[in-house]
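Trainee: How does the following fold in three dimensions:
(2 chains, ligands or ions: 3)
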Amino acid sequence: MRALPHLKQFTEVAEQEIMHSGHVACPGCGAAIAMRLALKTLGRRTIIVFPACCWAVIDGPFPYSACSVPVFQVAFETASISAGAIRAGLDITGKKDINVVAWAGDGGTFDIGFGQLSACAERNDNIIYVCYDNEAYMNTGIQRSSATPWGSWTTTTPGTDFKKERKKNLLEIMAAHRIPYAATTTVAYPDDLIRKFRKAMSIDGFKLIHIFSPCPPGHKALEKDSILESRYAVESRVFPLYEVEHGTHYKLSMDPPQRPVRDYLALQGRFKHLTDEQRDFIQKSTDEEWARLMHFMKVSEAVE
Amino acid sequence: MSQKPIIYKSWRELPLMTASMGDTTVNKTGSWRNVEPHHVEQVAPCSLRCPAGNDVVGFVTLAAAGKLEEAWHLLAETTPFPGTCGRVCPHPCETECNRDHLGGAINIHSVERYIADYFMDKPPEQKPGTFSGKHVAVIGSGPAGLSCAYHLKRFGHAATVFEAHSKAGGMLRVGIPDYRLPPEVLDAEIRRIIDLGVEIITGSRVGKDVSFDQLVHKFDAVFAAVGFTNSRPLGAEGDDGDDVVPGIEVLRKINLGMDDGVGNKPLVVGGGNTAMDVARSLLRKGKDVSVIYRRTRYEMPAIAEEIDELLAEGIEITFLATPVEVLRENGKMTGVKCIRMKLGEPDASGRRRPVPIEGSEYVIEADCVITAIGETTDLEFLPDDIRAKTSWNIPADELGRTAFDKLYAGGDVADGAGTVTAAIGYGRRAAIAIDAAFRGKPVADNAAMSPSLRERTGYAIPFEEINTAYFEDLPRSEPGSLKVSERIKTLDEVHQGFSEADLEKEAKRCFSCGTCPACDNCYIFCPDAAISKVKDDKNKLYLVDIEYCKGCGICAAECPRGCIVMKAVR
Ligand SMILES: Cc1cc2nc3c(=O)[nH]c(=O)nc-3n(C[C@H](O)[C@H](O)[C@H](O)COP(=O)(O)OP(=O)(O)OC[C@H]3O[C@@H](n4cnc5c(N)ncnc54)[C@H](O)[C@@H]3O)c2cc1C
Ligand SMILES: Cc1ncc(C[n+]2csc(CCOP(=O)(O)OP(=O)(O)O)c2C)c(N)n1
Ligand SMILES: [Mg+2]
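Mentor: Ligands and ions are numbered 1, 2, ... in the order given. Model prediction:
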């Protein structure tokens, strides 16, 4: 109506509101935004599997659910195989047009559900596996996971014992499984997120979408800054947005002007103890990771 | 501590599997909130700063969307002179523009000019308001008088303008030179006002051809907008010869196509618009002209761009000096004795007062002196009783209301603001006040604002409220202009307007501060699905569902242009 086309930032987002208000995510939760946009794209013919994670709680207390699609709550380590099993059941009954989505946190993906994830990917089960990554076990009070980045404070890496191990590279691991589709995305870029879900829906086999999802209480950041943090993660190259097809074809989704990692760190209290040298170290390792990613891109281009 | 008893059930009493029976909308998470978002449109700093009250964001964004006719009509709500202002207004809107921090202020005046020029020959149809039976006399056909008459007509009142000169337009006609404001542009805009039904009687000086009392008796109200017509005398020895001429006199002659009547080596005295314009006009007439100003460039009251252009055209300004005596031999001017000045304490205007340096007199060669050290009002036309109660001006409030029965005043004669836009705005506010008086209504507090902005509550979005993630760092566009070597030979317009491509590019750079274009960011990013789009209400675009909003503030943070404000919950 009043919209001036040139002032529109994002393409049309589906009107259907499948995720309801009244869920119990904290104010400013990135994972809630991710779910809302994902469900708008996936549509009503979708089944979701939640292992133990924030979203298992966000969805609401029994007998209520925030997602007006069938939701299964399963044991912590079983998101992928439960989804795979549901798919097998649907296949037997001849139902082909349903999206089966495993929706797990980083703890459930990088750590506890890791074995099953690998098995499912190896079998190429026809599901969309979503890891919304808030970089710690947030639901139980911010414990470190193997997705927690170097330098971060958590309740299990307090004070000077901040995390000294690097974040696992999930996409590289999944690429090594040669699954048909793996992608990173984040909430600050709805167009990117929606496009990647659409693409995953169109592919047969195992798809993985890794969503960087800011968590204000866990990152000790302002509630209003979740989108900003997500944007800075991409601009600073801490969390580059890209896709990997068949484990070998890397494609960068966007390459905005580089922002210093410091800007990203400054938004979050979980990094506030870091010295200048430590911040420089994060900048250096971010640049190295980026260079490595660029190398993959180059190799992919050469193959094509 | 008492423990709840454990109730044992058989497996038969349990459901096969626990299944949800309802959705979470039963859970009113709004109770978590201590701040809440309000979707409010606010007035952008540009619009707020426009003395004419133009809805700047409104017309710029309409132009960006290619809706030129709508943009024209929006401008018509506040001003009948977009083509004129697009050329001569010193554009305070651009000074305030938030885009200044990201690629340069929007070239607002060129956008306004484009819209006006696009419809110059064939303006869209405009209808006067239904006739109220009231008739207003307007004295002076400058921008203040014509703006007032135009708006009165729009409000349904008859208006007759009395103009002493043979042509209408005030200083737009006889002051500002053709190379800055081509007469065709002024003609077209005045034609539009006449076509709306305003009557202009030229060659009729109030106080001479018709008396002020006659007007007061015959009309329901009188609006005096007589501007500044008297030139201040030079105040140097020998300044009473006819080789010492007021700058506005010279400009009037040049503007009306008459002989300028001055010598070949004029010395222009002054640092305002008149000085710049008369010097540049005389340069175009092939004269060896120079300027002398008693303070420094920093204190010059002229529009900065005009000073730059004068210097670019090769005219010299002698700073910190002033004439003390006109030297003549056999009745012919040979030169002007000047004295050097230095800056002392600040005066009433806040500028540092120039003080003569004793013994520093020297002579500048010249065969005539053009005075441009300021203009004042001529209030001779007023009857003695009113005259006695006025000073240099006719005191009036912001709405042009004076202490005298039926008399309203505005433009330079009331506030001496000295800009076209201020005069246009004053005329419009007076029209609003006259209309309200006729109808026995009070004048709303924000009457000065464009009707399109009156519903708005907040004002002047600061740059900090703009989310620059949503805007590209694109440079400001400037339209072309005549080369110096060409422009000094003719009275042709110096600056060109935008091309269609430039217009689009420039208008699209506008942040649209405070005006919601329904970009959907607030709707898209709400983690609680608590913001919905409103479909059937023209004035409401989004609805915040207060029952569920947790007050995270993402909508406000991600609004590109400050249309959502967070307020504490009581
Ligand atoms: C040389 C020059 C250059 C300027 N350049 C700019 C510029 O670039 N930008 C800008 O914004 N401003 C500029 N200004 C200032 C601007 O022109 C004035 O501020 C503006 O015109 C004031 O409008 P007004 O309607 O109050 O009065 P005016 O424009 O002065 O109009 C007053 C009218 O009233 C008529 N009048 C006076 N007495 C009587 C009477 N008794 N009976 C009938 N009619 C009468 C006069 O003939 C005149 O036509 C410039 C001024 C001058 C002199
Ligand atoms: C086997 C098992 N171990 C531990 C838990 C307790 N638990 C529930 S949720 C959770 C944290 C999940 O973290 P993550 O997967 O990162 O999701 P987040 O809460 O951060 O969204 C833990 C440890 C459990 N439910 N099951
Ligand atoms: Mg987690």
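Trainee: rest of the way, CA atoms for contacts and neighbours
Mentor: OK.
Trainee: The nearest residue to residue A:68 once chain neighbours are set aside: neighbouring residues, count only.
Mentor: Ranked by Cα to Cα, 6 or more residues apart in numbering or on different chains and with sequence neighbours excluded, the top spatial neighbour of residue A:68 is residue A:18, at 5.6 Å. Counted with other Cα atoms under 10 Å in any protein chain shown, residues neighbouring residue A:18 total 21.
Trainee: do you know how far residue A:18 is from ligand 3?
Mentor: According to Cα to the ion, to the nearest Å, residue A:18 stands 23 Å off from ligand 3.
Trainee: any chance you could read off phi and psi for that residue?
Mentor: Taking degrees, to the nearest 10, you get phi -90, psi -30 for the backbone angles of residue A:18.
Trainee: ok, it - contacts?
Mentor: Residue A:18 sits next to A:36, A:39-40, A:43-44, A:67-69 when contact means Cα atoms under 8 Å, 6 or more residues apart in numbering or on different chains.
Trainee: Go through those and name the one nearest ligand 3.
Mentor: residue A:36 (17.8 Å; Cα to the ion).
Trainee: got a pLDDT number for the residue nearest to residue A:68?
Mentor: For residue A:18, the model assigns a pLDDT of 97.
Trainee: can you list the residues of chain A near ligand 3?
Mentor: A:105-106, A:134, A:136-137 (Cα under 5 Å from the ion).
Trainee: Please name the spatially closest residue to residue B:250 (chain neighbours excluded).
Mentor: residue B:260 is the one closest to residue B:250 (Cα to Cα, 6+ apart), at 5.6 Å.
Trainee: ok, the one you found - how many residues close by?
Mentor: Around residue B:260 there are 17 residues (other Cα under 10 Å).
Trainee: now it: how far from chain A?
Mentor: Residue B:260 sits 51 Å away from chain A, going by Cα to the nearest Cα, to the nearest Å.
Trainee: if I pick that residue, what's in contact with it?
Mentor: Residue B:260 neighbours (Cα under 8 Å, 6+ apart): B:250-251, B:253-254.
Trainee: Please check those residues and keep the buried ones.
Mentor: Neighbour-count burial (16 or more other Cα atoms under 10 Å in any protein chain shown) applied to the contacts of residue B:260 gives B:250-251, B:254.
Trainee: Now intersect the residues you listed with the helices, please.
Mentor: Cross-referencing those against helices under DSSP state H gives B:250-251, B:254.
Trainee: Present these as CSV; the columns should include distance to ligand 1.
Mentor: What follows is these, written out as CSV (distance: Cα to the nearest ligand atom, whole Å):
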residue, distance to ligand 1
B:250, 10
B:251, 7
B:254, 11
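Trainee: which among these gets closest to residue B:176?
Mentor: Among these, residue B:251 lies closest to residue B:176 (Cα to Cα), at 7.6 Å.
Trainee: quick one: the closest one and residue B:259, what's the gap?
Mentor: Applying Cα to Cα, to the nearest Å, the value for residue B:251 to residue B:259 is 10 Å.
Trainee: about what we covered before: the residues of chain A next to ligand 3 in strands, which ones?
Mentor: Counting by DSSP state E, the residues of chain A next to ligand 3 place residue A:105 in strands.
Trainee: Please identify, among the residues of chain A next to ligand 3, the one with the most neighbours.
Mentor: Ranking these using other Cα under 10 Å puts residue A:105 first, with 34 neighbours.
Trainee: separation between that residue and ligand 1?
Mentor: 63 Å (Cα to the nearest ligand atom, to the nearest Å).
Trainee: Could you look up the SS state of residue B:556?
Mentor: helix (DSSP: H, G, I helix; E, B strand; the rest coil).
Trainee: Return the residues in contact with the closest residue to residue A:41 other than its chain neighbours.
Mentor: Excluding its sequence neighbours, the residue lying closest to residue A:41 (Cα to Cα, 6+ apart) is residue A:194, at 6.2 Å. By Cα under 8 Å, 6+ apart, the contact list for residue A:194 reads A:37-38, A:41.
Trainee: And residue A:194, how far from ligand 1?
Mentor: Residue A:194 is 51 Å from ligand 1, by Cα to the nearest ligand atom.
Trainee: And that residue, which helix or strand is it part of?
Mentor: Under the criterion DSSP states H and E, the helix or strand holding residue A:194 is helix A:190-201.
Trainee: List the buried residues for that helix?
Mentor: A:190-194, A:196-197, A:200-201.
Trainee: still on that earlier bit, now, which of the contacts of residue A:194 lie within helices?
Mentor: A:37-38, A:41.
Trainee: Of those - the most surrounded one?
Mentor: Neighbour-wise, those (other Cα under 10 Å) top out at residue A:37, 27 neighbours.
Trainee: Could you tell me which strand of chain B is the longest one?
Mentor: Ranked by residue count and defined by DSSP E, the top strand of chain B is strand B:332-346.
Trainee: Show me the contact partners of that strand.
Mentor: Taking Cα under 8 Å, 6+ apart as the rule, strand B:332-346 contacts B:243, B:294-295, B:320-328, B:352-368.
Trainee: starting at the chain centroid, how far to the host helix or strand of residue B:144?
Mentor: Using DSSP H and E, residue B:144 maps to helix B:143-155. From the chain centre to the centre of helix B:143-155 is a distance of 16 Å (Cα atoms, centre = their mean, to the nearest Å).
Trainee: and that helix, what other elements does it pack with?
Mentor: strand B:135-139, strand B:158-162, helix B:420-439 (3 or more Cα pairs under 8 Å, 6 or more residues apart in numbering or on different chains; DSSP states H and E).
Trainee: and the first one, how far out from the chain's middle?
Mentor: Using Cα atoms, centre = their mean, the distance from the centre of strand B:135-139 to the centre of the chain it belongs to is 24 Å.
Trainee: So which other helices or strands are in contact with that strand?
Mentor: Against strand B:135-139 (3+ Cα pairs under 8 Å, 6+ apart) you get helix B:143-155, strand B:158-162, strand B:221-224.
Trainee: what's the angle from the longest one to helix B:420-439?
Mentor: The one in question is helix B:143-155. Taking axes from the mean of the first three to the mean of the last three Cα atoms, to 10 degrees, one finds that helix B:143-155 is oriented at 40 degrees with respect to helix B:420-439.
Trainee: so does helix B:143-155 get close to ligand 1?
Mentor: Yes. With Cα under 6 Å from any ligand atom as the criterion, ligand 1 is reached by helix B:143-155 at B:143-145.
Trainee: where does whatever residue of the stretch 101-250 of chain A ends up closest to chain B land in three-state SS?
Mentor: Going by Cα to the nearest Cα, chain B is nearest to residue A:224 of the stretch 101-250 of chain A, at 4.3 Å. The three-state label given to residue A:224 by three-state DSSP is helix.
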